[in-house]
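Participant: Sequence and computational prediction follow.
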Amino acid sequence: MVVTQDNPGQKTLELIVTWEKLPDDFQLEEKPVENTGQPLIAGALREILELRGLIEPRMLIASNFGICATVNGELVIKAPDWVYVPSVLPAESRRDRKSYTPNLEGEIPTIVMEFLSETDGGEYSVKRTFPPGNWFFYEQILQVPTYVIFDPETGLLEVYRLQNGKYELEFPDAEGRHWVADIGLYLGTWRGEKEQRSGYWLRWWDEAGNLLLWGVEQLAVERQRADRERERAERLAEYLRDRGINPDEII
C-alpha cells in the first residue's frame, strides 16, 4: 500500500494540539460495528492478556473507544478497533470511561490497531483538514509509536513504527510475526475458528515462539490430558486384575 505524504516543499498549516477535558454532558457519537468479526478479533487479543495476567489496573486496553484531542480548536475523536495505553490516571468516578484524552488523563497510546473493512480505507488517510484521517491523527497528532493495520479477509498484517516522526513499515521475522516490546509478546496472524467465526485472527506468541492459547483451547487441552490419564488408569487397573490383584484394594 502506497501512502501519499505531504509535499516537503509545500507550506503546511501549523497544527495546534491541546488536550482538553470533555464536558460532562458531552454526547459521544456511537461508532457502528461494521461486522460481527471486529469485536471478536479485538476481544480475543485481550483475552490472552487477561489469561496471562498481563493486564494491570493502571493500563487501558479497549476497542471501539473514543480517543480525543483538540486540533486547531476543533475536537477530534477517533475510535480505533483496539488500543493499548500503558498507564492512565484513575478515573474521576467509578463509572466506566466513555472516552480518553491523552496527556490529560494519562499517557499517549503506544499501540493502535485498525481492522480493515468494506469502507473507503480511512485507515490509510493522511488528510490534514478537519476531520483528519486516521493515519495522520495517529502519526502526527497523537504520535502513537506502533500502528497496526489488519485485514481479516486476507490475513494481511501491517505493522508501522514511528521513525523520525513518520510511520515506517516493519518487516516481520522469519515466522511472520512482530515483537511487541510494550507487551512482551509476538503478534502475528493465525487461521482457524473461534466463537463460530472461521477466518484470520490476530494472536499472541510468547518469547519462545509458543502460541498462547485461548481459554476454550486450554480447556480442550486439559480435557485431552484428563482423558489420557483416565485411559492410562483403566489400562493399569486391567493389568492388575489379569494378575489377580484388585486395584480397588491398593492404597
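Facilitator: That came through, no problem.
Participant: On the pLDDT front, check Gln27 for me.
Facilitator: Predicted confidence (pLDDT) for Gln27: 79.
Participant: how about Leu162, what does it touch?
Facilitator: Glu139, Gln143, Val144, Pro145, Thr146, Tyr147, Glu168 (Cβ atoms under 8 Å, 6 or more residues apart in numbering). Where you see a C-beta, it was placed from the backbone N, CA and C, and this is true even at glycine.
Participant: what about the second one, distance to Phe65?
Facilitator: Pointing back at Gln143 there. 19 Å (Cβ to Cβ, to the nearest Å).
Participant: Between these two, point out the one with more neighbours.
Facilitator: Comparing Gln143 with Phe65 by other Cβ atoms under 10 Å, the one with more neighbours is Phe65, at 22 against 13.
Participant: got the contact list for the more buried one?
Facilitator: Ala79, Pro80, Val83, Arg97, Ser99, Tyr100.
Participant: And Pro86, by the same measure?
Facilitator: So Pro86 contacts Arg58, Met59, Glu107, Thr110, Asp182 (Cβ under 8 Å, 6+ apart).
Participant: Repeat that for Leu142.
Facilitator: Leu142 touches Ile67, Ala69, Pro102, Ile108, Pro109, Val112, counting by Cβ under 8 Å, 6+ apart.
Participant: surely the second one meets Pro102?
Facilitator: To tie it back to what came earlier, the one meant is Ala69. Yes. Using Cβ atoms under 8 Å, Ala69 makes contact with Pro102 at a distance of 7.0 Å.
Participant: Quick check: neighbours shared by these two?
Facilitator: Shared contacts of Ala69 and Pro102, counting by Cβ under 8 Å, 6+ apart, come down to Trp19, Leu142.
Participant: Just the buried residues of whatever helix or strand Gly188 lives in, please?
Facilitator: Using DSSP states H and E, Gly188 sits within strand 185-194. Across strand 185-194, burial judged by 16 or more other Cβ atoms under 10 Å covers Leu185, Tyr186, Leu187, Gly188, Thr189, Lys194.
Participant: so which of the residues you listed comes closest to Arg223?
Facilitator: Checking those against Arg223 with Cβ to Cβ, the nearest one is Lys194 at 16.7 Å.
Participant: bridging residues for that closest one?
Facilitator: In this entry, Lys194 is beta-bridged to Arg197, by DSSP bridges.
Participant: In contact with it, which residues?
Facilitator: Taking Cβ under 8 Å, 6+ apart, we find Lys194 in contact with Leu40, Ala44, Trp201, Trp214, Val216.
Participant: Highest neighbour count among those?
Facilitator: Trp201 (22 neighbours).
Participant: what secondary structure does Arg232 sit in?
Facilitator: Three-state assignment for Arg232 (DSSP: H, G, I helix; E, B strand; the rest coil): helix.
Participant: That one and Gly133, how far apart?
Facilitator: 60 Å.
Participant: More neighbours: the two, which one.
Facilitator: Using other Cβ under 10 Å as the criterion, Arg232 and Gly133 rank with Gly133 on top: 20 against 10.
Participant: What is the burial count for the spatially closest residue to the more buried one that is not a sequence neighbour?
Facilitator: Closest residue in space to Gly133, ignoring its immediate chain neighbours: Ser125 at 2.5 Å, by Cβ to Cβ, 6 or more residues apart in numbering. By the measure other Cβ under 10 Å, the count of residues near Ser125 is 17.
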